[in-house]
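[1] Sequence below, structure please.
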Amino acid sequence: MVIVHIHFSVKPEFADAFCRIASDNARDSSREPGVTRFEVIRQLDDPTRFVLVEHYRTAHDIERHRETAHYQSWAVAVPEMLAEPRVRVEYAGIYPKEPVRQE
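    Model (predicted):
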């Protein structure tokens, strides 16, 4: 399993729009067969900071995710919303060994 955390700092005027578009992307992404979990979280003390938490069965599933129409729409819409470049970190899943399917 590959787990990806992507940190976003969004311009204040785009915070609510980012929240909506990120939620739409997460909903569609969670339906992909190689995705076991896809979350959008918002920082409590700074509502312009978000993290996407993405769980994939394999690294290949990340590539397939980037080929989807919903990801392509997301990739076009988000850059203008950002206050600074996103930060992406990949992790290897340790426990639990079996992915948890988000319902």
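[2] tell me which element the spatially most central residue of the chain is part of?
    By CA atoms, centre = their mean, the chain has its centre lying nearest to L52, at 3.4 Å. Counting by DSSP states H and E, the element that carries L52 is strand 49-56.
[3] Could you list the low-confidence segments of the chain?
    Scanning the chain for pLDDT under 70 picks out 98-103.
[4] Run a quick check on Y91 versus I6, I expect a contact.
    No: using CB atoms under 8 Å, Y91 makes no contact with I6, being 11.7 Å away. Any C-beta I mention is one placed from the backbone N, CA and C, and that applies to glycine too.
[5] Look at these two and report which has more neighbours.
    Higher neighbour count among Y91 and I6: I6, with 15 against 12, using other CB atoms under 10 Å.
[6] Over to F38. Which of the three states is it?
    The three-state assignment at F38 reads strand, by DSSP: H, G, I helix; E, B strand; the rest coil.
[7] Can you verify my assumption that it contacts V53?
    Yes: with contact defined as CB under 8 Å, F38 counts as touching V53 (7.4 Å).
[8] Can you pull the residues that touch both of these two?
    Counting by CB atoms under 8 Å, 6 or more residues apart in numbering, F38 and V53 have no common neighbour.
[9] Neighbour count: the two, which is higher?
    When neighbours are counted by other CB under 10 Å, F38 comes out ahead of the other of F38 and V53, with 21 against 15.
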